[in-house]
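> everything below, folded, please.
(chains A and B)
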Amino acid sequence: MMREAFIETTTDLLTEDPRAALVLADISAAAFDPARRAHPDRVINVGIREQLMIGVAGGLALTGLRPIAHSYATFVLDRAYEQVKLDLDHQGVGAVLVSVGASYDGSTMGRTHMSPGDVALLDTLDGWTVHVPGHPDEVPGLLRAAMRHDDPVYLRLSTQVNAASYGTDGRLRTVRRGTPGGALVVAVGPMLDPVLAAVEGLDVTVAYTHTPRPFDGEGLRALAGTEVVLVEPYLAGTSSRQLAEALADRPHRALALGVGRADLHRYGTPADHARWHGLDPAGLRRSIGEFLS
Amino acid sequence: MTATTTNANAQDHLPAPPATAPPAAPPVPPAAPGPPATASRRTGSGLPTARLHPLLRRLTGDEKHEASAHSTLDVLWVLYDRVLRVSPDTVDDPERDRFLLSKGHGSAGYYAVLAAKGFVPEEWLDDMAGADSRLGHHPDRLLIPGVEIGSGSLGHGLGLGVGTALGLRAQGLLDPRVYVLVGDAELDEGSNHEAIAYAGATGLANLTAIVLDNQSATHGWPGGIASRFTVNGWSASTVDGRDHDAIHTALRAHRPDRPHVVVAVVEPKE
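Presented below is the predicted three-dimensional model:
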């Protein structure tokens, strides 16, 4: 599980790195009890106060620490967006924001715990690195790398995972090779396995990334022919601008798949929501097949 | 009211709508009575007006108003003249005291004090908010030496101040103190109350909040401002916000086991 990998790695980092600090708003607090007992000054649980969580992260960074702030995506970004914009970005300091509850992971809890728009919200700001790991084994390396500098990083953890982990340096990695110059499907994070299942028998190249920001435009140019499909586990079209910029001088057709904007007012499982948003293998096959036909 | 009149709201600096615009809401009822007025119009008795007045004039181009027109000026002067352990040479010293102006509007008084104390060159005062100016109507920490936070949107300073106080403590920097200046109307923002409750509950003793109370909160603070803090475990002093000795005494009244608030009451906003 990605969340466990995050808790374990962060607990280690707090011991290894005197600049590491963790700010919580009750979510995951119990799991960090051992870390809090060991480092009471650098493991801070502010209670159910997400505006303060980000404000505190900004203040810690102003004193030279490297804060990690963690909660559900909807509370980190949707709720505390202005704190992210002003208490971090505008002050010229960074933090590592680590979320759980990606898109509809919290489907049984309803819309209040969903945040398909988190990456789009960060796209309104400048300079954020966004990691969307597809497997728990990808989490420790991404988190450790994020702690080695002071820039803003968002690490988006999900309960949707691929069967295998794919180490990349942030660039697009070819996972399945079709005819060179043919159609390219870019799968972000946990969308890889559903994409691989969906394109079975189709002549397409599939590339994977767990780092949609900064988007690997150069890698896209190298792999893309004239037809590109983006499959993202958050709002559909979130990376369309990056794709358009990368291929601006080249005639191309693009299809951007992801989570829809409508509040479905439904519970059910994440698999149900994947199906309703057309992100299960059958739905992806329909959309991709239609686009390529 | 003309199209060039600014709105009274502290966060609204756009031109007010023309008088022909239909009223959007029924008239606002009178504000609840504020705390007992301890403020007297002392016209900044302790201020070095001969020094500050020309600086303020360079900032605002305003010949008519005395320094006392700036509600925060007395508190700012006492802080920079008598309390804060920070100088132009120590703006990056980890051991410095931190002053966070959360109430980012009305920054002219802040800039005048920073210039008087040598943090910024006086020439910077002449083109406030101009295209090449480092000084805007809200301060930007990346542009001004000695400015700890960029502020303007209300309700951000206390959270940043709590984080700063925690960060100093976590690094064994036990001497520096964090001072955050907020306004009584700014306290309307709920984010302040997250910070007030948390700092009090955890006894964050290296934090001092200063509330400049010019009774501008639309619905007032029945029961007083200090009680919002003391109920959460803070110590509090309420003083005449124009009386420099009283402000100074209040700013030194913090205790070793809890955060401290100074409510500085000045005459109501006109």
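> strands of the stretch 51-200 of chain B, start to end?
With DSSP state E, counting those that start in this stretch as the definition, the stretch 51-200 of chain B shows strands at residue ranges B:98-101, B:178-183.
> tell me which residue is most central in the chain.
Since you didn't name a chain, this refers to chain A. The residue at the geometric middle of chain A, judged as the C-alpha nearest the mean C-alpha position with Cα atoms, centre = their mean, is A:Val132 (3.0 Å).
> sorry, should have said chain B
B:Leu181 (3.7 Å).
> biggest helix in chain A by residues?
Among the segments of chain A that qualify as a helix by DSSP state H, the longest is helix A:2-16.
> close to chain B, is it?
No - between helix A:2-16 and chain B, judged by Cβ under 8 Å from any Cβ of the partner chain, nothing touches; the nearest distance is 11.0 Å. Every residue, glycine included, has its C-beta placed from N, CA and C.
> report the buried residues of that helix.
When burial is assessed from 16 or more other Cβ atoms under 10 Å in any protein chain shown, helix A:2-16 yields the following buried residues: A:2-3, A:5-11, A:13-14.
> same for it, what does it pack against?
In terms of contacts (3 or more Cβ pairs under 8 Å, 6 or more residues apart in numbering or on different chains; DSSP states H and E), helix A:2-16 is packed against strand A:20-24, helix A:33-38, strand A:96-100, helix A:139-146.
> now those as a markdown table including mean pLDDT, distance to chain B and mean neighbour count?
Below are those laid out as a markdown table (pLDDT from 0 to 100; distance: least, Cβ to the nearest Cβ, whole Å; neighbours: other Cβ atoms under 10 Å in any protein chain shown):
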| stretch | mean pLDDT | distance to chain B | mean neighbour count |
| --- | --- | --- | --- |
| strand A:20-24 | 99 | 7 | 25 |
| helix A:33-38 | 98 | 13 | 14 |
| strand A:96-100 | 98 | 14 | 26 |
| helix A:139-146 | 98 | 19 | 20 |
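> could I get the ones you listed as TSV with distance to B:Gly159?
Putting the helices and strands packed on helix A:2-16 into TSV (distance: least, Cβ to Cβ, whole Å) gives the following:
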stretch	distance to B:Gly159
strand A:20-24	11
helix A:33-38	20
strand A:96-100	15
helix A:139-146	22
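> what's the closest of the ones you listed to A:Thr159?
Each of these has some distance to A:Thr159 by Cβ to Cβ; the shortest is strand A:96-100, at 8.0 Å.
> residue ranges of the helices in the stretch 151-270 of chain B, please?
Listed in chain order, the helices of the stretch 151-270 of chain B (DSSP state H, counting those that start in this stretch) span residues B:157-170, B:190-201, B:226-230, B:244-251.
> just to revisit the earlier point, contact partners of the longest helix of chain A?
Contact partners of helix A:2-16, identified using Cβ atoms under 8 Å, 6 or more residues apart in numbering or on different chains, comprise A:20-22, A:28, A:31-32, A:34-35, A:38-39, A:42-43, A:68, A:70, A:98, A:100, A:133, A:135-137, A:139-140, A:143-144, A:147, A:155, A:157-159, A:161.
> from the chain's centroid, how far away is it?
18 Å (Cα atoms, centre = their mean, to the nearest Å).
> can you show me the CA trace of stretch A:193-213 as PDB?
Extracted in PDB, the C-alpha atoms of stretch A:193-213 (Å, rounded to 0.1, in the frame of the first residue of the first chain):
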ATOM      1  CA  ASP A 193      -2.600  -1.500 -16.000                       C
ATOM      2  CA  PRO A 194      -6.100  -0.600 -17.200                       C
ATOM      3  CA  VAL A 195      -4.500   0.900 -20.300                       C
ATOM      4  CA  LEU A 196      -2.400  -2.200 -21.000                       C
ATOM      5  CA  ALA A 197      -5.500  -4.300 -20.700                       C
ATOM      6  CA  ALA A 198      -7.500  -2.000 -22.900                       C
ATOM      7  CA  VAL A 199      -5.100  -1.900 -25.800                       C
ATOM      8  CA  GLU A 200      -4.500  -5.600 -26.100                       C
ATOM      9  CA  GLY A 201      -4.400  -6.500 -29.800                       C
ATOM     10  CA  LEU A 202      -4.100  -2.800 -30.900                       C
ATOM     11  CA  ASP A 203      -1.000  -1.600 -32.600                       C
ATOM     12  CA  VAL A 204      -0.200   1.200 -30.200                       C
ATOM     13  CA  THR A 205       2.800   2.200 -28.100                       C
ATOM     14  CA  VAL A 206       2.200   2.700 -24.400                       C
ATOM     15  CA  ALA A 207       4.300   5.000 -22.400                       C
ATOM     16  CA  TYR A 208       4.200   5.400 -18.600                       C
ATOM     17  CA  THR A 209       5.000   8.200 -16.200                       C
ATOM     18  CA  HIS A 210       4.600   8.800 -12.500                       C
ATOM     19  CA  THR A 211       5.700  12.400 -12.900                       C
ATOM     20  CA  PRO A 212       3.200  14.400 -15.000                       C
ATOM     21  CA  ARG A 213       4.700  17.700 -13.700                       C
END
